[in-house]
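S.K.: Provided below are the primary sequence and the corresponding predicted coordinates.
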Amino acid sequence: MTATTATPPTFTDEQSGRSTFVRDALTVFRRAMRISLRNPVWAVMGLLQPVLYLSLFGPLLEPLAPQLGATNAYQLFVPGLLVQLGMFGALFVGFGLIGEWRDGVIEAERVSPAPRSALVVGRVLRDVIVVAVQGVVLVSVAFLFGLEAPFWGIVLGIVTAALLAAAFASASYAVALTLKSEDALAPLMNGVALPLLLLSGILLPITAASAPAWLNTLSNLNPIKHVVSGIRAQFDGDIGSATALWGSALTIVLAAVGLWFGSRTFKREDG
Amino acid sequence: MIHARGLARTYKTRRGDVDAVRGVDLDVEAGEIVGFLGPNGAGKTTTLRMLTTLLRPTRGEATVAGADLRRDPGAVRRRIGYVAQSGSTSGEARAGEEVVDHALLYGVERSVATSRGRTLFEQLELDGLWDRKCSSLSGGQRRRLDIVTGLIHTPRLVFLDEPTTGLDPQARANLWTHVRGLRDERGSTVFLTTHYLDEADALCDRILVIDHGQIVAQGSPEELKQRVSGDAVLLSAAQQSDVARIAAIAAQLPGADVPTVDGHLVEVRVPAGRTLLAGLLRSLDAEGIELAGVELRRPTLDDVFLTLTGRSLRDGESPARSSEGAAA
Ligand SMILES: Nc1ncnc2c1ncn2[C@@H]1O[C@H](COP(=O)(O)OP(=O)(O)OP(=O)(O)O)[C@@H](O)[C@H]1O
Ligand SMILES: [Mg+2]
């Protein structure tokens, strides 16, 4: 024993054991947001994508709208784009996490006393806010193209899309931290996302009338389809309808499952 | 401060199990600087990751900083700092922010973290790099940033996994001073791994030598050095033809072991080589033997390692392979 300390040690490490979830989630969120905002290419591309869809794909839908039972093509189309934004804005966030893992950031955070769930929730909060902002831009531009929809329907629609982003972002983080390889993550995410997208009626609604029976049945098993239908109902002003409520409830369940899955992955101590 | 019994970890891989750590017992007292020395693949990082709650031990128990590793990992985490071998900061983030954010996760006030961080930046010679993107730092600067990050919450127990890799000699010496300061001024306990024998020798109160996942020796640097008998006398012959005669004369030194010959070089181990050297040179001179050079070497930890494990610390490649082979 070589140490002799004249003054009592100034350790600040004996913090109380109380939960620091909110504080730590906000710390992680602020850090993630700061890094995202410093990368303008990424933010601009995210905003550009929905605008490209609106301007390059929207006009094709306009003449089809009456056939699909809608008076306004954008009322039909924008909810689908919001869901697509929620999915694709969040599916690939795992890539950034793999980079952070490689830099040792995840391990450094995991050795701190921060609750593991806060490490996930903080990052997911950043992704949710990014998607919400993109959703607002999307809807604003859609108004220029001729969207007509009630205010509260739009607000709920954007919130739903953001919650969906929470589900997909958490799942992306969980899978990323399990695979730890970009090369494995990309095909897996695409492989899951594409059927979900095609079977959701995002671009063209899948109904008993428009699709073969088997395709319609299959699509009904896809929760994303019900989320899209829910947002469409919200855009139609049927905020309290069964379709709208069912869509919102499903989204909340998806988000909860995603966050649980993500937190569990961060908790694991197996290598 | 650390008490571990039978700590073991087996990694499951597709090609079979790897017994990275096989039953490590260790005790580190408060206020000690303990060096964990071993070749590549010996199990140093695995042991550290278990002691810091990052990796669940396959077997064994440990108390770290007064808390049980398995039952209360939260308390362990609050009381320790860890500098990982492979870094801890994101290339995308800025140096100062990364440090402050890390401190916030320990409940340190932002203002306190900032002033403490700036002081540490100064002490570890990172002045002026607070706002730099981490990816733009040099390797050694980034390494020192990792160390700042691990120390920012003034933990009572610090784990440093090869803290000085990539540091230039001056930065290395500066870090040693800093680590000693942690012990002397704050009473912190430091547990560090290293490949550098001079580092363990110069810095550590006690050294644990690990090989193939097991502790093969421990003691103060002095105690370990005493395990190797005597000094090495190296005689380099001016003429190759003299080598055999030199070896014969060297072998007659009191207490000498059998000299080894390597080209022009004759090496012999003798107790207290210093007192024998003058006489040895005289007898060689009397025989008319000319020497190109003479060297007297005190035993180094490298010699200790060689004696204990049969391998030199510096042939970095083979240990990792043989470790895996032994595990299979
Ligand atoms: N995640 C892992 N999966 C499988 N094997 C692993 C894993 N991590 C380490 N190992 C193996 O366990 C053994 C010990 O590795 P460890 O990283 O603890 O060594 P080390 O003493 O820190 O070596 P170095 O000096 O190179 O840092 C090695 O044989 C290594 O290949
Ligand atoms: Mg290591």
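M.R.: Everything's here; your move. Residues are numbered from 1 along each chain as shown, chains lettered A, B, ... in the order given. Ligands and ions are numbered 1, 2, ... in the order given.

S.K.: Every contact and neighbour count from this point should use C-alpha atoms.
M.R.: OK.

S.K.: in the host helix or strand of B:E185, what counts as buried?
M.R.: In this structure, B:E185 sits in helix B:169-186 according to DSSP states H and E. Buried residues in helix B:169-186, counted by 16 or more other C-alpha atoms under 10 Å in any protein chain shown: B:171-173, B:175-176, B:178-180, B:182-186.

S.K.: ok, B:V216 to B:A248 distance?
M.R.: Distance of B:V216 to B:A248, computed by C-alpha to C-alpha, to the nearest Å: 35 Å.

S.K.: no no, A:L85
M.R.: Going from A:L85 to B:A248 by C-alpha to C-alpha gives 85 Å.

S.K.: List just the nearest of the buried residues of helix B:169-186 to ligand 1.
M.R.: B:R172 (17.8 Å; C-alpha to the nearest ligand atom).

S.K.: Report the contact partners of the nearest residue to that closest one once chain neighbours are set aside.
M.R.: Leaving aside its sequence neighbours, B:R172 sits nearest to B:T164 (C-alpha to C-alpha, 6 or more residues apart in numbering or on different chains; 5.9 Å). By C-alpha atoms under 8 Å, 6 or more residues apart in numbering or on different chains, B:T164 lies in contact with B:R143, B:R172, B:L175, B:T194.

S.K.: From the residues you listed, pick the one nearest B:R56.
M.R.: Nearest to B:R56 among those is B:T194, at 23.0 Å by C-alpha to C-alpha.

S.K.: Verify the stated contact: that closest one with B:G35.
M.R.: Yes. Applying C-alpha atoms under 8 Å as the test, B:T194 and B:G35 come out as touching, 7.0 Å apart.

S.K.: Low-confidence ranges, the stretch 1-150 of chain A, go.
M.R.: Low-confidence segments of the stretch 1-150 of chain A (pLDDT under 70): A:1-19, A:43.

S.K.: got the contact list for the closest residue to chain B within it?
M.R.: Among the residues of the stretch 1-150 of chain A, A:G104 lies nearest to chain B; the distance is 4.2 Å by C-alpha to the nearest C-alpha. By C-alpha under 8 Å, 6+ apart, the contact set of A:G104 is B:A84, B:S86, B:G87, B:S88, B:T89, B:S90.

S.K.: now B:T10
M.R.: Counting by C-alpha under 8 Å, 6+ apart, B:T10 has contacts B:D17, B:V18, B:D19, B:A20, B:V21, B:T58.

S.K.: circling back: the more surrounded of B:V216 and B:A248?
M.R.: Neighbour count, other C-alpha atoms under 10 Å in any protein chain shown: between B:V216 and B:A248, B:V216 has more, with 15 against 12.

S.K.: got the contact list for the more buried one?
M.R.: B:L208, B:V209, B:I210, B:L308, B:T309.

S.K.: what ranges do the helices span in the stretch 101-250 of chain A?
M.R.: A:105-110, A:116-145, A:151-179, A:182-198, A:213-220, A:223-235, A:242-267 (DSSP state H, counting those that start in this stretch).

S.K.: Out of those, which is closest to B:T300?
M.R.: helix A:105-110 (34.8 Å).

S.K.: and that closest one, is it in reach of ligand 1?
M.R.: No. Under the criterion of C-alpha under 6 Å from any ligand atom, helix A:105-110 makes no contact with ligand 1; the nearest approach is 13.1 Å.

S.K.: where does that helix sit relative to the chain's centre, distance-wise?
M.R.: 23 Å (C-alpha atoms, centre = their mean, to the nearest Å).

S.K.: and it, C-alpha only, in PDB?
M.R.: This file holds the C-alpha atoms of helix A:105-110, laid out as PDB (Å, rounded to 0.1, in the frame of the first residue of the first chain):
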ATOM      1  CA  VAL A 105     -18.900   4.500 -28.000                       C
ATOM      2  CA  ILE A 106     -21.400   1.800 -27.200                       C
ATOM      3  CA  GLU A 107     -19.100   0.100 -24.800                       C
ATOM      4  CA  ALA A 108     -18.200   3.400 -23.100                       C
ATOM      5  CA  GLU A 109     -21.900   4.100 -22.600                       C
ATOM      6  CA  ARG A 110     -22.500   0.600 -21.400                       C
END
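
S.K.: can you list the residues that contact that helix?
M.R.: A:100-101, A:116, A:119, A:266, B:54, B:82-84, B:87-90, B:102, B:105.

S.K.: swap the cut-off to 7 Å and go again
M.R.: A:E100, B:S88, B:T89, B:S90 (C-alpha atoms under 7 Å, 6 or more residues apart in numbering or on different chains).

S.K.: What of stretch A:194-207?
M.R.: Stretch A:194-207 is contacted from outside by A:F77, A:G80, A:L81, A:N216, A:S219, A:N222, A:I224, A:K225, A:V228, using C-alpha under 7 Å, 6+ apart.
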